[in-house]
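K.L.:
need a structure here:
(3 chains)
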Amino acid sequence: MLIAMFEALIPWYEAHKRELPWRQDKEPYHVWLSEIMLQQTRVEAVKEYYRRFLTALPTIADLAEAPEEQILKLWEGLGYYNRVRNLQKAAQTICAEYTGVFPSEYAQIRSLSGIGDYTAGAIASICFDAPTPAVDGNVLRVYSRLLADDANIDLQTTKKRITRKLQETYPQKNPGIATQALMELGATVCVPNGAPRCDVCPVAEICQARKQDTWRNLPVRSEKKKRKIVDKTVFILLTEDTVALHKRSTSGLLAGMWEFPNVDAKLDKQAAVTQVTGWQAEPLDLLMQTSYTHIFSHVEWHMTAYYIRCRKTNKKWKWVTKESLDETYALPSAFRPFREQIENL
DNA sequence: AAGTCGGGGTC
DNA sequence: GACCCAGACTT
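P.N.:
Next up is the predicted model:
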């Protein structure tokens, strides 16, 4: 079954594959960067980030030596910011332990920061022709439907089993093509939301979910728990030419990113002004008030923002010009609407 | 095994 | 509003 799948899949991929920036070559740095950026992130979202990142940091050595502010700025808006910290940590490991040359053995690749089973398998097969499966969400979906396998794909045991089954029959010639072909099928034909395009699927004839008409129920996943709601009051503190920023902790949510000063509570106008006075920034005028909800995977921020003209700056915040905010400081998307509003004051 | 960690497209 | 994306790491 799986052998027949690969036989039909490879020629289909060669005929229908998308042209993507990271498919120009098999340079490990390029493939690696793309795989990290693509973790839980759509192809369309990654394209421009990928190009910009490589223009700024063309080599692994450049990445290893880059200031943290620069790599966070390059990742700004892409999310999961620990990805880029781990990316740099791995780059430093490659420079220190592998003389700057990306390692070619699966075990070495797998041991680098930010590289798990999926990414190691992808890089080893695509860059080094190792017959190592790369089991991502696409592959789990394709496999579940092809075999009408109703095991929960969120379970470790299921992923291990599917990885093992693929490993047994993985093509020994051009395994990197097999890796990309499986994912391409999941991304463009056996799609995650909506009906799969079985009419153009190269393996429709051997698909058990299609035969049984059970594709709607596959793959099976764990139940998701609902998000917590956090109320926030955000302070857009402005002088004549600067705005106050705060750098977040280097651990936890949005680690190391910059933000507008805020507190985890819903303050009314008076309490907000009192808060700013307590920070000794001397509030002059309350210019505007806006509200905005930002949704993360596991939490919602219900934010009320007060735009306040201040007489003085304090030592508690970093007061920066709008220009340097845009050019230098990495601001998460959660705060982006407030940044835009400043222009309308 | 469950929780944490972003942001956005699609239905 | 719910789902989920070329997942990894921590607890």
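K.L.:
DNA strand C contacts on the stretch 151-300 of chain A?
P.N.:
Within the stretch 151-300 of chain A, the positions lying close to DNA strand C (CB under 7 Å from any atom of the strand) are A:180, A:183-184, A:186-187, A:192-193, A:221, A:224, A:226, A:297. In short, each C-beta sits where N, CA and C put it, glycine included.
K.L.:
okay, now A:Phe338: neighbour count?
P.N.:
21 (other CB atoms under 10 Å).
K.L.:
buried ones in the strand or helix carrying it?
P.N.:
Counting by DSSP states H and E, the element that carries A:Phe338 is helix A:336-342. By 16 or more other CB atoms under 10 Å, the buried positions in helix A:336-342 come out as A:338, A:341-342.
K.L.:
about what we covered before: and the residues of the stretch 151-300 of chain A next to DNA strand C as TSV, adding neighbour count, distance to DNA strand B and secondary structure?
P.N.:
Output for those, formatted as TSV (neighbours: other CB atoms under 10 Å; distance: CB to the nearest atom of the strand, whole Å; DSSP: H, G, I helix; E, B strand; the rest coil):
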residue	neighbour count	distance to DNA strand B	secondary structure
A:Gln180	22	20	helix
A:Met183	21	16	helix
A:Glu184	21	16	helix
A:Gly186	21	14	helix
A:Ala187	19	12	helix
A:Pro192	11	8	coil
A:Asn193	4	5	coil
A:Arg221	14	11	coil
A:Lys224	9	9	coil
A:Lys226	7	11	coil
A:Ser297	9	4	coil
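K.L.:
would you check which pair of those residues lies furthest apart?
P.N.:
A:Gln180 and A:Lys226 (35.6 Å; CB to CB).
K.L.:
can you report phi and psi for A:Asp117?
P.N.:
Here is the backbone geometry of A:Asp117 (degrees, to the nearest 10): phi -60, psi -50.
K.L.:
same question for A:Asp231.
P.N.:
Dihedral angles (degrees, to the nearest 10) for A:Asp231: phi -80, psi 140.
K.L.:
how about the one 3 residues further on?
P.N.:
A:Val234 adopts backbone torsions of phi -110, psi 140, taken as degrees, to the nearest 10.
K.L.:
look at it and report its pLDDT.
P.N.:
The model reports A:Val234 with a pLDDT of 98.
K.L.:
got the contact list for the residue in the stretch 1-150 of chain A that DNA strand C sits nearest to?
P.N.:
With CB to the nearest atom of the strand, the shortest gap between the stretch 1-150 of chain A and DNA strand C falls at A:Gly116, namely 2.6 Å. By CB atoms under 8 Å, 6 or more residues apart in numbering, A:Gly116 lies in contact with A:Arg110.
K.L.:
tell me, how many neighbours does whatever residue of chain A ends up closest to DNA strand B end up with?
P.N.:
Nearest residue of chain A to DNA strand B: A:Gly79, at 2.8 Å (CB to the nearest atom of the strand). By other CB under 10 Å, 16 other residues sit near A:Gly79.
K.L.:
hmm, it is touching A:Arg42, no?
P.N.:
No - the pair A:Gly79 / A:Arg42 is not scored as a contact, 11.0 Å apart, by CB atoms under 8 Å.
K.L.:
show me where the stretch 201-345 of chain A has helices.
P.N.:
Along the stretch 201-345 of chain A, the segments classed as helices by DSSP state H, counting those that start in this stretch run A:208-212, A:269-278, A:322-327, A:336-342.
K.L.:
pick the most buried one from those.
P.N.:
helix A:208-212 (a mean of 17; mean count of other CB atoms under 10 Å).
K.L.:
contacting residues around that one?
P.N.:
Contact with helix A:208-212 is made by A:144-148, A:196, A:198, A:201, A:204, A:215, A:218, as judged by CB under 8 Å, 6+ apart.
K.L.:
can you rerun that using 7 Å?
P.N.:
Outside helix A:208-212, the residues within contact range by CB atoms under 7 Å, 6 or more residues apart in numbering are A:145-148, A:198, A:204, A:215, A:218.
K.L.:
just the CA coordinates of that helix, formatted as CSV?
P.N.:
What follows is helix A:208-212, C-alpha atoms only, in CSV (Å, rounded to 0.1, in the frame of the first residue of the first chain):
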residue,chain,number,x,y,z
GLN,A,208,-9.4,3.8,2.1
ALA,A,209,-11.1,6.9,3.6
ARG,A,210,-12.4,7.7,0.1
LYS,A,211,-13.5,4.2,-0.5
GLN,A,212,-15.4,4.2,2.8
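K.L.:
give me every residue that touches A:Thr293.
P.N.:
Contacts of A:Thr293 (CB under 7 Å, 6+ apart): A:300-302.
K.L.:
quick one: which of these is nearest A:Ile36?
P.N.:
A:Trp301 (25.9 Å).
K.L.:
okay, now the residue nearest to the closest one when sequence neighbours are not counted: neighbour count?
P.N.:
Distances taken as CB to CB, 6 or more residues apart in numbering place A:His294 nearest to A:Trp301, at 4.6 Å, with adjacent residues excluded. Applying other CB under 10 Å, we find 17 residues neighbouring A:His294.
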